[in-house]
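Visitor: Quick one, what's the 3D model for this:
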Amino acid sequence: MLDDRAKLLLKALVERYIADGQPVGSRTLSRASGLDLSPATIRNVMSDLEELGLIASPHTSAGRIPTARGYRLFVDTMLTVQRGELVAPELSSGLSPDQPQKVIANAAHLLSDLSHFVGVVMAPKRSSVFRHIEFLRLSEKRLLVIIVTPDGDVQNRVLFTPTDYTQSQLIEASNYLNQHFAGLAIEVVRERLLTEVERLRDEIGSLMKAAVQFSSEALQPGEGDVVISGERNLLSVSDFSSDMDNLRRAFDLFEQKTQLVRLLDRSAEAEGVRIYIGGESQFVPIEELSVVSAPYEVDGQIVGTLGVIGPTRMPYDRMIQIVDITAKLVSNALSHRNNG
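Guide: Numbering: from 1, shown residues only. Reported below is the predicted structural model:
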């Protein structure tokens, strides 16, 4: 456990380093902390903090910088977030209720613009339930399948079939599916169709099986349903511009997205803002990156997560505000759309 003096000095050191990006020396720390301590006393405390792994001494400087562990202690026990600095109406102009895809894309840009780092938003998981299905004959052995989900999302796909169906057969098939399966998850529909298809005429049965296969693909969330904005902002962060290897690893992460999806999935399990610092998360194992994330809801149900990715030397109090308010705005925009 740290005594109050050590905590004050650590807090002052982290805040000074976040603000300036320069290793903090004992003289600077004496002024920043407001404590009436001799430089020798401060050096002794810093030495203790270094032994505890909370700060480190870069080779090129006599000053100290926080470690990931130091940031963690700072965020968990010393951070005070001033509410109300960001005015929500100013932010919401870009998140007017519209198509969910547009809200998600705008939210990623908003996070990036406000933070000056990278904004990430995991798109809402698509419902695998259909409200209505319809078949339209386009030409011989070619038809259009239209699926409407309970929240009004429409999926279209052209289906090529081995058999040529008449429009009356297509109406019969869609009527059967809507009458018996509307409101059920596609997985359930597939199971039931396997047993019922025997009783249906062969042609209509095979059409329905093809339609359910398409529906399953269309309504399942993909691995890459993460919108990322502002990756280039990392180029201007001194922590990265001087180390191309770290920058390359960060860009690889954004390109692959899979690890980000897992991290955001994990974040959705908890309420409120989550903070992952300097490689703490196995999903973003980069020492120089931190992630501030929060889940967002549609009508009270958590459906996705959004956040900011930036250097460990980020102003965490401001990032928490940005992420928290943006999550609320996205929740409102998507819920309003559903209720509208």
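Visitor: Every contact and neighbour count from this point should use C-alpha atoms.
Guide: Noted.
Visitor: for stretch 124-137, how far is the first residue from the last?
Guide: Start to finish, the residues bounding stretch 124-137 are 31 Å apart (CA to CA, to the nearest Å).
Visitor: what residues does that stretch touch?
Guide: For stretch 124-137, contacts defined as CA atoms under 8 Å, 6 or more residues apart in numbering pick out 143-150, 165-167, 170-171, 174, 177-178, 182-187, 216, 219-221, 303-304.
Visitor: which among those residues end up buried?
Guide: Among the contacts of stretch 124-137, the ones that count as buried by 16 or more other CA atoms under 10 Å are 143-150, 165, 170, 174, 177-178, 182-183, 185-186, 216, 219, 303-304.
Visitor: worst-scoring helix or strand of the protein, pLDDT-wise?
Guide: helix 88-92 (a mean of 51; mean pLDDT, DSSP states H and E).
Visitor: Okay, now the unreliable bits of the stretch 201-340 of the chain?
Guide: Low-confidence segments of the stretch 201-340 of the chain (pLDDT under 70): 201-204, 212-224, 241, 336-340.
Visitor: Quick one: the helices in it, in order.
Guide: 202-219, 238-241, 244-256, 258-267, 316-339 (DSSP state H, counting those that start in this stretch).
Visitor: quick check: angle from the third one to helix 258-267?
Guide: So that's helix 244-256. 70 degrees (axes from the mean of the first three to the mean of the last three CA atoms, to 10 degrees).
Visitor: Show me how the chain divides into domains.
Guide: Following automatic domain parsing, one finds the domains of the chain at 4-77, 88-125+223-339, 132-219.
Visitor: okay, those, which one's buried deepest?
Guide: Of all the domains of the chain, domain 88-125+223-339 has the most neighbours on average by mean count of other CA atoms under 10 Å, namely a mean of 19.
Visitor: Run through the residues that contact the residue nearest the centre of the chain.
Guide: The centre of the chain sits closest to Leu306, judged by CA atoms, centre = their mean, with a distance of 3.3 Å. For Leu306, the contacting residues are 108, 119-122, 264, 293-296, 323, 327, by CA under 8 Å, 6+ apart.
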